[in-house]
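>>> here you go, sequence then predicted model.
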Amino acid sequence: MLIRTEAPADILAIDRLLKSVFETDAEAKLVMSLRENSHLTLSLVACSDEGEVIGHTMFSPVMLDGTDHNWQGLAPLAVKEEFRKQGIGETLVKEGLSSLHEFGYPACVVLGDPNYYSRMGFKSASQFDLTCAWEVPAGAFQAVELASGAFDEHSGVIEYCPEFNEL
């Protein structure tokens, strides 16, 4: 398996993957819209040994109470059904977080299963006095510092790019 940055040739494969993994086309439309509106910070694919795109994750900017702190949001994360439970999603996320750190992004948030994302260092965002702009289940909104002290002296509501409001 190879993890790499999305290339233009991957766009249709990513679109097909997202449409096959999620119940609706909403995530595929979201990814396309984020890409078209230049709200994509990092997009990674996992490829099989044969070069097939079998996993994808994307990171895009988020704001804290309307202020840009260079923080990122992880969404979506998708792995082709027959390749699940092999650590591909976790590898994609860890590689993404490592790349974001190297690029100087100080923090990342995610909305998802706390049991899953805690394995990658995410903690309940409420521990950092951060809340999601949408009403979400307790513990589902999580955050991770990529730079020590990123959340110090910050609290408030995290807002995703406007494209997320169309979901």
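Happy to help now that I have it. Numbering: from 1, shown residues only.
>>> find the residue at the geometric middle of the chain.
Residue closest to the average C-alpha location in the chain (C-alpha atoms, centre = their mean): L74, at 1.6 Å.
>>> in terms of helices and strands, where is that one?
strand 72-79 (DSSP states H and E).
>>> with H69 instead?
Per DSSP H and E: H69 is located in neither a helix nor a strand.
>>> got the contact list for it?
By C-beta atoms under 8 Å, 6 or more residues apart in numbering, H69 lies in contact with M63, P106, A107, A150, H154. C-beta here means a position set from N, CA and C on the backbone, and glycine is covered the same way.
>>> pretty sure L40 is touching M58, no?
Yes: at 6.3 Å, L40 counts as touching M58 under the criterion of C-beta atoms under 8 Å.
>>> what about the residue at the greatest distance from the centre of the chain, which SS state?
Centroid-distance maximum for the chain: E50 at 25.2 Å, with C-alpha atoms, centre = their mean. Put simply, E50 is coil when judged by DSSP: H, G, I helix; E, B strand; the rest coil.
>>> please apply the same query to A13.
From three-state DSSP, the assignment for A13 is helix.
>>> ok, L40 and M58, which is more surrounded?
M58 (28 against 17; other C-beta atoms under 10 Å).
>>> beta partners of the residue nearest to the centre of the chain?
F59, V110 (DSSP bridges).
>>> and L17, what are its phi and psi?
The phi and psi values for L17, taken as degrees, to the nearest 10, are phi -60, psi -50.
>>> what about it, neighbour count?
Around L17 there are 24 residues (other C-beta under 10 Å).
>>> measure G149 to P106 for me?
Distance, G149 to P106, by C-beta to C-beta, to the nearest Å: 8 Å.
>>> ok, those two, which is more surrounded?
Each of G149 and P106 has its neighbours counted (other C-beta under 10 Å); P106 has more, 17 against 10.
>>> distance-wise, check that one relative to C47.
Distance from P106 to C47, by C-beta to C-beta: 29 Å.
>>> then H101?
Taken as C-beta to C-beta, the span from H101 to C47 is 23 Å.
>>> if we can go back for a sec, just curious, which of the contacts of H69 is nearest to D129?
H154 (7.8 Å; C-beta to C-beta).
>>> give me the number of residues near the closest one?
There are 16 residues near H154, going by other C-beta under 10 Å.
>>> can you give me the pLDDT of the closest residue to it other than its chain neighbours?
Nearest in space to H154, with sequence neighbours left out and distances taken as C-beta to C-beta, 6 or more residues apart in numbering, is L64 at 6.0 Å. On pLDDT, L64 comes in at 97.
>>> no more questions from me, cheers.
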